[in-house]
Every structure is written in C-alpha cells, then in structure tokens.
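**Q** any chance you can model this:
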Amino acid sequence: MHVIVHGGAGSPPASPATRQATLTDAAEQAAKAERPMEAVLAALRPLESDPAFNAGVGGAVQSDGEVRTDAGMMTHDGQTGAACAMSGVVHAADVARTVAAETPHVLLAGDEAVAFAAGSGVETDRDLTTAETRQRYERANPPDGGPADHLDWVRAHFSGTDTVGAVATDGDRLAAATSTAGRWFALAGRVGDVPQIGAGFYADDRGGASATGEGEPIARFGLARHAVEQLDTYGPRQAAEEAIADFEDATGGRAGVIVLDRAGHTGAERNTAAMQTARR
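**A** Predicted structure coming up:
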C-alpha cells in the first residue's frame, strides 16, 4: 500500500518533531491496511484524536463555543461520502465512509449527521475541547457587530488553517480523505472546503488529492480536483506545484495539497509557512 498523509497547511507548529512522528506512525499503520479506503481512515483516526492537529479532539472552536467536525472521502471508482457540522464526533472521516458505503447520499449535515453516526456505531457525544482550547476561546473578545465585523475580526486574530488528509493506493484501487474542525471562531455552523467534493478531497482513475488551507478560496477554486486534473500532464510532484500556483493566481489564497497517482508516486506543495507530510 502506498500512502501519503498531511497534517495541515498553515503556521509553523509548536512541536514539529512530535507532530512529524505522529504523522509517520499514521502512515505506517495505514500502509498495513488491505484496502485504500481502510488505509486512509487508519491514517486519519490518530490525527483526529490528537489535539496537536485541527481535526476532532482539540479542534477549532466556532463562535458559539462548539467544535464541529467535517470530513469527506472518495474512491477511484466514484464512491463518495461526506459529513459536516457535527458536534461531539471525533472521527468524522468514519462517518463520511459510512455515508459512502451504506447510503445513496453524498453528504449529511448537523444533528442528523450526528444521529446517523451514532446509529452506525461511530462514537458521539464527546467533548472535543481541551483545557487549552477552552482558555483560548474564553480569552477572546469578539466584536458585538454583525457577521462582516465578526469575520474581519477572525481574519485579524486567527490565522490557523490546519486540516488533516490522506491518499492511498494499492496500485489498482485508490482513496482520498480529508478531515477537519474548521476555522477558529468561524460563525456557528460554518462549513468550509473539506466535505465538498473536488475542493477538500477528490479521487478518480488518475489519482487522488487532499487539500488544506483557507477553506473558502479552496472551495471556490476546487483545489483537490484541479490537482488531480494536472495528472493528465504531469507527475504528482509537479501536479501539486501547478495546482498551488494556479490556485494562488486565481484566488490569492493560502493552501497546500497532497497528490498520489495510481502507481503510488506522490507530490506535495504549499504556499503557506508550513505543511508536514509523511509517505509510506
């Protein structure tokens, strides 16, 4: 199994060596899976459980004090599932996988997605905050104005854009998945690029990609799909480079992307200060 994993694009992390070790372990565990879909989930579960990453436990807190998780996954043959705006769900990627495997739908949201997760055996009702994130939320002083004032304040005070993602192939089958807790102090119920097909994740016969960074520009541009489309012309390394260059030219946004082709070749690129990855 060939696997590439990322821990999010954004500011340099506080403990890069520890995070890198976690990413490496996640990739190694994923490489033991029998199927690519199982591999990407195996890669993401420890990252969703680790407060050092912005997915699941310790994830970004929205404006009402809630952590809400989103995820999406897709296979080379078009099997697709996503779930978003879920309170109390650590393993959002597992919910996305169940949507793909057990329903005719593509995306479930909010309380109904949480109920679906619980009925499918995915753990719910977890407190996703930590002492650190609770203190950070309590110390913040957002303005009393409307949504525009609030969003201006968020942009000025919270620059983190981390997300986690993985792509895996066994040389025949392929899967891509991305998971996140979104952006700090986003308006309650905000959903970014991660659970949107072609934005935060994408896979087809050519390969797969997982994107990370500023969610709204990524969603408008369709970064993950654009990266996979570059495989028509380039190998994964240059496909990732071209995709980020095109994204920056078109949106001015900040992002990173990982790319894997069916042969197991990998690529990664960013225009942010940091993006840690691991390959196996």
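**Q** wait, isn't Thr272 in contact with Gly253?
**A** No - applying CB atoms under 8 Å, one finds Thr272 not in contact with Gly253, separated by 9.8 Å. C-beta coordinates here come from the backbone N, C-alpha and C atoms, glycine included.
**Q** okay, and the common contacts of these two?
**A** The contact sets of Thr272 and Gly253 overlap at Gly213 (CB atoms under 8 Å, 6 or more residues apart in numbering).
**Q** what sits up against the host helix or strand of Ala27?
**A** Element membership of Ala27, judged by DSSP states H and E, is helix 16-30. The contact list for helix 16-30 (CB under 8 Å, 6+ apart) reads 1, 3-7, 13, 39-40, 42-44, 46-47, 50, 52-53, 166, 168, 274, 276-280.
**Q** tell me which element Ala96 is part of?
**A** helix 92-102.
**Q** I'd like the next helix or strand past that helix.
**A** Heading C-terminal from helix 92-102 (DSSP H and E), you reach strand 107-109.
**Q** name the helices or strands packed onto the very next helix or strand once past that next one?
**A** Helices and strands here follow DSSP H and E; after strand 107-109, the next one along the chain is helix 110-119. Contact here means 3 or more CB pairs under 8 Å, 6 or more residues apart in numbering; DSSP states H and E; on that basis helix 110-119 packs against strand 80-87, helix 92-102.
**Q** give the rounded mean pLDDT of helix 110-119.
**A** Per-residue pLDDT over helix 110-119 has a mean of 98.
**Q** next one: stretch 182-199
**A** pLDDT averaged over stretch 182-199 gives 93.
**Q** now the strands for this structure?
**A** 2-10, 68-75, 80-87, 107-109, 164-169, 174-180, 201-204, 207-213, 255-261, 266-270, 274-279 (DSSP state E).
**Q** isn't Val40 up against Leu174?
**A** No - if you go by CB under 8 Å, Val40 and Leu174 don't touch, sitting 9.5 Å apart.
**Q** any common contacting residues for these two?
**A** With CB under 8 Å, 6+ apart, Val40 and Leu174 have common neighbours 167-168.
**Q** Thr48: neighbour count?
**A** In this structure residue 48 is Glu, not Thr. By other CB atoms under 10 Å, the residues close to Glu48 number 27.
**Q** quick one: contacts for it?
**A** 55-57, 69, 90-93, 164, 179.
**Q** neighbour-wise, give me the winner out of those residues.
**A** Ser179 (38 neighbours).
**Q** for that one, what are its contacts?
**A** With CB under 8 Å, 6+ apart, Ser179 has these contacts: 44, 47-48, 55-56, 69-71, 92-93, 96, 163-165, 194.
**Q** how close does the closest residue to it other than its chain neighbours get to Leu47?
**A** Among residues not flanking Ser179 along the chain, Ala71 sits closest, at 4.0 Å (CB to CB, 6 or more residues apart in numbering). Relative to Leu47, Ala71 is positioned 11 Å away (CB to CB, to the nearest Å).
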